[in-house]
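**Student:** The following block contains a protein sequence and its predicted model.
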Amino acid sequence: GRKPLRQKIADELKHYCNGFRLLWIDTKVAARMVWRLLHGQVLTRRERRRLLRTCADLFRLVPFLVFVIVPFMEFLLPVFLKLFPEMLPSTFETESKKEEKQKKKLNAKLELAKFLRETIAEMAKRNKADAG
């Protein structure tokens, strides 16, 4: 069944604490990467992507903190997340949201592959007709 309200609140607090902890770790790693960049070292593609994601998360944190700091504003957070789904930093996303995003990306890739396959088949038919 359903969880009691006290358990739901405790779960949300744990979720946000873990999110802030992960963001802090990402920020420390990003600071080391920036230090390496400033000293002339080259970052790998994976490190660059992580650095960009962390910087974007830090910029997203500013509007998110307004909801955390202002009393009773956290009740409006679901409304704003519905309007602006990318507002939360990536460390605060739940597993179900991550899976949902991956499914959307996979469906978009499948649609693109289907379109490309149909286009190539049509081009092959045209070339065959031109050659024949």
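**Tutor:** Right, received. Where do you want to start?
**Student:** what about Leu65, distance to Arg32?
**Tutor:** 24 Å (C-beta to C-beta, to the nearest Å). (Each C-beta comes from the backbone N, C-alpha and C, glycine too.)
**Student:** Backbone dihedrals for Glu93, please?
**Tutor:** Here is the backbone geometry of Glu93 (degrees, to the nearest 10): phi -80, psi 140.
**Student:** now it: how far from Thr44?
**Tutor:** Distance of Glu93 to Thr44, computed by C-beta to C-beta: 24 Å.
**Student:** between these two, who's got more neighbours?
**Tutor:** Using other C-beta atoms under 10 Å, the more surrounded residue of Glu93 and Thr44 is Glu93, with 16 against 9.
**Student:** Now do the buried residues in the top helix by length along the chain.
**Tutor:** When the chain is parsed with DSSP state H, its longest helix is helix 95-131. Buried residues in helix 95-131, counted by 16 or more other C-beta atoms under 10 Å: none are found.
**Student:** Next: stretch 24-34.
**Tutor:** Buried, per 16+ other C-beta under 10 Å, within stretch 24-34: Asp26, Thr27, Ala30, Met33.
**Student:** Kindly provide the whole-number mean pLDDT of that stretch.
**Tutor:** In this model, stretch 24-34 has a mean pLDDT of 95.
**Student:** what sits up against that stretch?
**Tutor:** Applying C-beta atoms under 8 Å, 6 or more residues apart in numbering, the set of residues contacting stretch 24-34 from outside is Leu43, Glu47, Arg50, Leu51, Arg53, Thr54, Cys55, Asp57, Leu58, Thr91.
**Student:** Touching the helix or strand encompassing the fifth one from outside, list them.
**Tutor:** Under DSSP states H and E, the secondary-structure element containing Arg53 is helix 45-69. Taking contacts as C-beta under 8 Å, 6+ apart, the residues outside helix 45-69 that touch it are 16, 23, 26-27, 29-30, 33-34, 43, 73-74, 76-77, 80, 86-92.
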